[in-house]
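>>> structure of the sequence below:
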Amino acid sequence: MKKSLFALMIFGACFTTNAQNHGMLTGDTKLACEAILCLSTGQRPNECTPSLQRYFSISHKKWSDTVKDRRKFLNKCPSVKTEDNTMRQLVNAISEGAGRCDVASFNNLRSYAWDPNTETTKMVISNRMPSYCGAYWNHAYTDLDATAPVYVGDPARGGFWVEPAQYQQALEKYNARIILRRLLEPRIYRPG
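Model prediction:
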C-alpha cells in the first residue's frame, strides 16, 4: 500500500508539473523519477534497468563525490522540489544507501569482538548495520523491509549477513558448524 501511494504521489507530481508544458518527462528528468521509484522498492521490474544504469553509472574516486552527484541526479525529478521535506529526505537516504546496504557490503563491515575461547579480541563481521541503511530501509516512502539483509549468528563465532530468503538455511548450517566446532575443539583448561 505504501509503495502504491508513493508511486502515485511521485508520478502525480511529475505529470502535473509537466502537464503545463504539454509534455511527458524525458531524459535525465524521467530517469531520475524512475530511479527514485525503483530504488524505493525491493521488487524492481525490467523497466527499471535504464534508470538504475544511469544512477549507478555516477561514480567517482571519492565516495562523497559519488553521493553528491547521485543526489544531484535524483533532484532532477520535479516531485523532489514540489513535495514536502519527506521527499528530499528520501533522495538523501537513497543517495547514501542504495548500492551500499546489501549482503556483500555488510559482510565487508568489520569490527572487533571478544573471543571467550582464546580470551583475545579478534576482527569479525559486524552485526550492526550502518545508520544510513536504517534511514534508507525505514523511510516512510520505501518498501524495502522484505529485502533487508539479516544477520546469522554471533560475531565472535563467525556470524555473517544473508538475504532474508536464505536466513533459515544459513542459520541451520551455522548452528551445525558451531556444534561441530564445540565437539572438535579441545576444551580450554581454566584453573579455578
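>>> strands of this structure, start to end?
110-115, 120-125, 150-152, 160-162 (DSSP state E).
>>> buried stuff in the second one?
Read it as strand 120-125. Buried residues in strand 120-125, counted by 16 or more other Cβ atoms under 10 Å: 124, 125. (Glycine included, C-beta is placed from N, CA and C.)
>>> in its sheet, what does that strand sit against?
Within its sheet, strand 120-125 is paired with strand 110-115 (antiparallel), according to DSSP bridges.
>>> buried ones in the partner strand?
For strand 110-115, by 16+ other Cβ under 10 Å, it's residue 113.
>>> got the domain ranges for the protein?
2-97, 103-184 (automatic domain parsing).
>>> what about the last one, start to end distance?
Across domain 103-184, the terminal residues are separated by 30 Å (Cα to Cα, to the nearest Å).
>>> related to what we said a few turns ago, now the strands of the chain as CSV including mean pLDDT and distance to residue 78?
Output for these, formatted as CSV (pLDDT from 0 to 100; distance: least, Cβ to Cβ, whole Å):
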stretch, mean pLDDT, distance to residue 78
strand 110-115, 79, 41
strand 120-125, 86, 41
strand 150-152, 95, 37
strand 160-162, 96, 37
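>>> my read: residue 31 touches residue 56, true?
No: here residue 31 does not reach residue 56: they are 11.6 Å apart, not a contact under Cβ atoms under 8 Å.
>>> between the two, tell me which one has more neighbours.
Neighbour comparison, residue 31 and residue 56: the larger count goes to residue 31, with 22 against 14 (by other Cβ atoms under 10 Å).
>>> how close does the more buried one get to residue 123?
Noted for residue 31: a distance of 40 Å to residue 123, by Cβ to Cβ, to the nearest Å.
>>> ditto for residue 181
If you go by Cβ to Cβ, the gap between residue 181 and residue 123 works out to 18 Å.
>>> try residue 32
The gap separating residue 32 from residue 123 is 40 Å, by Cβ to Cβ.
>>> next, the contact list for residue 113, please.
Contacts for residue 113 were tallied using Cβ atoms under 8 Å, 6 or more residues apart in numbering; they are 121, 122, 124, 155, 156.
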